[in-house]
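1. Structure for the following, please:
(4 chains)
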Number of protein chains: 2
Amino acid sequence: MVLPERERGVCCPPTLKARPQKVEQTSEILKALADPTRLQIALCLRDAKEPVCICDFTATFDISQPTVSHHMAKLREAGLVDVTKRGIWSFYRLAPDLSPAARRILDAIG
Amino acid sequence: MVLPERERGVCCPPTLKARPQKVEQTSEILKALADPTRLQIALCLRDAKEPVCICDFTATFDISQPTVSHHMAKLREAGLVDVTKRGIWSFYRLAPDLSPAARRILDAIG
DNA sequence: CGAATCCATTGACGTTCGTCAATGGGTCTG
DNA sequence: CAGACCCATTGACGAACGTCAATGGATTCG
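-> Just a heads-up that it's a prediction; the model follows:
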């Protein structure tokens, strides 16, 4: 490993390549996926062939129904997920207009 | 879009493909990267050819030195980053034994 | 040795997060 | 219509987070 030579009192600020706006946006995506429950939900939707009903998630995870609803709202706000209502059911799927950044991250996981 | 037919009162819990342990581990990686400052630091280290000195980060970001130190500790705990001390300086780089999961996620970003 | 520099740790504070209980609006069935 | 079912929202609470000020250890320079 090569360590740079340094002079006391002199710093060499690295050039930040990513635009601040993009950093913020990527951070939002990561934040939405950083919870174990939401991560499993997102992976499930990524691999699902059909939209998945909320009631299936409440049956799967050991958390209350309002909490599942809360997590889905987070995923919605992050633009990762999309909801369609049919009768009494709400079906979720990955957002059809998922950003390329989000798509790359999702594909890199699991 | 094809919505599944459903019968009242019947749920179809999806099969969770990822192991709980792996979900937890991936979640830790995402959590470490989900802060804008840490994300920029991680990207910077990913693209750096040489280890980067802490003092360069404190010169770059508009946060105090203890906060930078705190963020580096988070990245260390997540196993993303590695520190080498030389005299009064601490140099950070991407962990040489970075997990494949972390590597894929980092490569998918920005 | 004494002063200056670099950096980690600690303690504190306000904010955000994950969760639940309670509530309410929709929708279907009898 | 009345009851059952599905789901979102609200309010509340403890835990975790991001930040800073203060402190202290380690190292280098004069």
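2. Of all the residues in chain A, which one is nearest DNA strand C?
-> A:G87 (2.7 Å; C-beta to the nearest atom of the strand). Every residue, glycine included, has its C-beta placed from N, CA and C.
3. From B:M1, how far out is that residue?
-> As for A:G87, its distance to B:M1 is 15 Å (criterion: C-beta to C-beta, to the nearest Å).
4. got it, and A:I54?
-> Separation of A:I54 from B:M1 (C-beta to C-beta): 16 Å.
5. With neighbour numbers in mind, choose between those two.
-> Taking other C-beta atoms under 10 Å in any protein chain shown, A:I54 and B:M1 do not tie; A:I54 has more neighbours (17 against 9).
6. For the residue lying closest to that one once chain neighbours are set aside, give the beta-bridge partners.
-> Nearest in space to A:I54, with sequence neighbours left out and distances taken as C-beta to C-beta, 6 or more residues apart in numbering or on different chains, is A:S90 at 4.8 Å. On the basis of DSSP bridges, A:S90 is bridged to A:K85.
7. who's in contact with A:S90?
-> Taking C-beta atoms under 8 Å, 6 or more residues apart in numbering or on different chains, we find A:S90 in contact with A:C53, A:I54, A:V83, A:T84.
8. where does the third one fall, phi/psi-wise?
-> Torsion angles at A:V83 (phi, psi; degrees, to the nearest 10) stand at phi -120, psi 140.
9. Might one say that it is in contact with A:E77?
-> No: taking contacts as C-beta atoms under 8 Å, A:V83 lies outside contact range of A:E77: 11.9 Å.
10. Doesn't A:P14 belong to a strand?
-> No: the assignment for A:P14, made by DSSP: H, G, I helix; E, B strand; the rest coil, is coil rather than a strand.
11. measure it to B:L33 for me?
-> A:P14 sits 17 Å away from B:L33, going by C-beta to C-beta.
12. First-to-last residue distance for stretch A:39-57?
-> End-to-end distance for stretch A:39-57, by C-alpha to C-alpha, to the nearest Å: 13 Å.
13. And it, what's buried?
-> Buried residues in stretch A:39-57, defined by neighbour count with 16 or more other C-beta atoms under 10 Å in any protein chain shown: A:39-46, A:51-57.
14. What residues does the closest residue to A:L16 other than its chain neighbours make contact with?
-> Among residues not flanking A:L16 along the chain, B:Q40 sits closest, at 5.7 Å (C-beta to C-beta, 6+ apart). Contacts for B:Q40 (C-beta under 8 Å, 6+ apart) come out as A:L16, A:A18, A:V23, B:F61.
15. what's the helix or strand for B:Q40?
-> Per DSSP states H and E, B:Q40 falls inside helix B:36-47.
16. Whichever helix or strand comes after that helix and DNA strand D in contact?
-> Counting by DSSP H and E, the next helix or strand C-terminal to helix B:36-47 is strand B:52-53. No: Strand B:52-53 stays out of contact with DNA strand D when judged by C-beta under 7 Å from any atom of the strand, the minimum separation being 13.3 Å.
17. List the pairing partners of strand B:52-53 within its sheet, with orientation.
-> Here, using DSSP bridges, strand B:52-53 pairs with strand B:89-94 (antiparallel).
18. tell me which parts of chain A are close to DNA strand C?
-> A:8-11, A:31, A:34-35, A:37-38, A:62-67, A:70-71, A:74, A:85, A:87-88.
19. Any idea how many residues pack against the residue of chain A closest to DNA strand C?
-> Residues lying near A:G87 (other C-beta under 10 Å) number 8.
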